[in-house]
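Trainee: coords please:
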Amino acid sequence: MENLVVPIKNKSYEIYIGSGLLSTNKIFDDNVYSDQVLIVTNNIVAPLYLDTVKASLKNKDIASIILKDGENQKNLDSFSKIIDKLIKNKFNRESYIIALGGGVIGDIAGFAAASYQRGINYIQVPTTLLAQVDSSIGGKTAVNHIKAKNMIGAFYQPKCVISDTDTLNTLPKREFLSGLAEVIKHSLIMDPEFFDWLESNYEKVVNYDKKSLKFLIKKNCELKSSIVAEDEKEKGIRALLNLGHTFGHALETMTGYNKLLHGEAVAIGISIVSQISYELGLLGSDNLDRIIKIFNNVGLPTKIDKIDPEELIDCIYLDKKIDLSGLRLILLNKIGKASIIQAPEKIKLISLLKKILNG
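Mentor: Numbering: from 1, shown residues only. Next comes the predicted model:
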């Protein structure tokens, strides 16, 4: 088992990475200090792991709620179901929520924990690659609005993250590959050597080589934790973690939260901003080619059909990354270095998107 610490002032917590952790009683004993525990999961994960986690929570007053799977379930209705369950079971301010599932479950359960009685404890138990390398770390919690993704939420850190790598064995291949988009993203914004490693080792990764996956998960946890520790609430450098997400979130919204997995949308989003970076003279063609190639090699999309550039622009102008000076974009200067810039004026951005999306 590997242990990492996310060193946030007065809120530090551990990430546990390893095999068989869901059935390791000691990890739960060491981190759950209340008798009242609500496990939030979904209808895909529950048959696989809910009983295992319950067995590891010895002598606890355990309740559970099983939501439907999918990004389109990340809404206020699901949030309300969790709050209803907490109230019905008379959970107090010392109680715990355990988020057992992927990024959707982690986001909803975390937001419920942030909101119930103005904040109760929660633990992230991510069961997807995307959640293990990205969404379970850093305390971003939210639900979607029908017109924009993650518009309702809070920064709220978990008490710990328990990443059992065995759960990846039951993850559908498409979901597994989706998680690699966030892995590639981390390398693009801050670690060119890791990008080189991905280029050389992607075949091992997509074929579930245990040694490669263990290295990959730990490396991504280290990279993300270093940024979160420096900028917990995204006032500066943490915004770089949004590479590809402005366009990716807009694409998820425009397709009804049911066509693209999050990682697939992020992969397309990164491809778009990489091409924008190239068109603006920030990114060299050799770097652009390598970025598109790595997504192709791991089986992630870089394009999407039937998207109107003007509608896409209208959607991204609902993004959270807009401030008083306008829309900010995360663009690439080279592999391993990203920057935050004010977006080109709207008419120029539409022209760029028409060239990229219709090219």
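
Trainee: Tell me if I am right that residue 332 is in a strand.
Mentor: Yes: under DSSP: H, G, I helix; E, B strand; the rest coil, residue 332 falls within a strand.

Trainee: Check the contact between it and residue 273; I expect there is one.
Mentor: Yes: Residue 332 is within contact range of residue 273, at 6.9 Å (criterion: C-beta atoms under 8 Å). The C-beta positions use only the backbone N, C-alpha and C, and glycine is treated the same way.

Trainee: Now the common contact residues for those two.
Mentor: Residues touching both residue 332 and residue 273 (C-beta atoms under 8 Å, 6 or more residues apart in numbering): residue 243.

Trainee: just so I have it, where are all the helices in the stretch 101-250 of the chain?
Mentor: 103-115, 129-130, 173-190, 192-206, 210-230, 245-254 (DSSP state H, counting those that start in this stretch).

Trainee: and the fifth one, what does it pack onto?
Mentor: So the one you mean is helix 210-230. Counting contacts by 3 or more C-beta pairs under 8 Å, 6 or more residues apart in numbering; DSSP states H and E, helix 210-230 packs against strand 2-6, strand 13-18, helix 173-190, helix 192-206.

Trainee: Work out which residue lies at the spatial centre of this protein.
Mentor: residue 135 (3.0 Å; C-alpha atoms, centre = their mean).

Trainee: need the contact list for it.
Mentor: 102, 103, 106, 107, 126, 182.

Trainee: Neighbour-wise, which one of the residues you listed leads?
Mentor: residue 102 (30 neighbours; other C-beta atoms under 10 Å).

Trainee: Skipping adjacent residues, who's closest to that one in space?
Mentor: Nearest non-adjacent residue to residue 102, counting by C-beta to C-beta, 6 or more residues apart in numbering: residue 128, 3.6 Å away.

Trainee: and which of the contacts of residue 135 is nearest to residue 11?
Mentor: residue 106 (16.8 Å; C-beta to C-beta).

Trainee: I'd guessed the closest one sits against residue 97; true?
Mentor: No: contact criterion C-beta under 8 Å: residue 106 and residue 97 do not qualify, at 10.4 Å.

Trainee: quick one, what contacts residue 163?
Mentor: The neighbours of residue 163, taking C-beta under 8 Å, 6+ apart as the test, are 15, 16, 17, 18, 21, 125, 126, 132, 136, 217, 221.

Trainee: confidence score at it?
Mentor: Among the per-residue scores, residue 163 holds a pLDDT of 98.

Trainee: same question, residue 10
Mentor: 88.

Trainee: how would you label the residue lying farthest from the centre of the chain: helix, strand or coil?
Mentor: Distance from the centre of the chain peaks at residue 59, with 32.2 Å (C-alpha atoms, centre = their mean). Classification of residue 59 using three-state DSSP returns coil.

Trainee: Tell me, what's the model's pLDDT at the residue nearest to it when sequence neighbours are not counted?
Mentor: Distances taken as C-beta to C-beta, 6+ apart place residue 35 nearest to residue 59, at 7.5 Å, with adjacent residues excluded. At residue 35, the model reports a pLDDT of 96.

Trainee: measure residue 35 to residue 62 for me?
Mentor: As for residue 35, its distance to residue 62 is 9 Å (criterion: C-beta to C-beta, to the nearest Å).

Trainee: again with residue 26
Mentor: Residue 26 is 18 Å from residue 62, by C-beta to C-beta.
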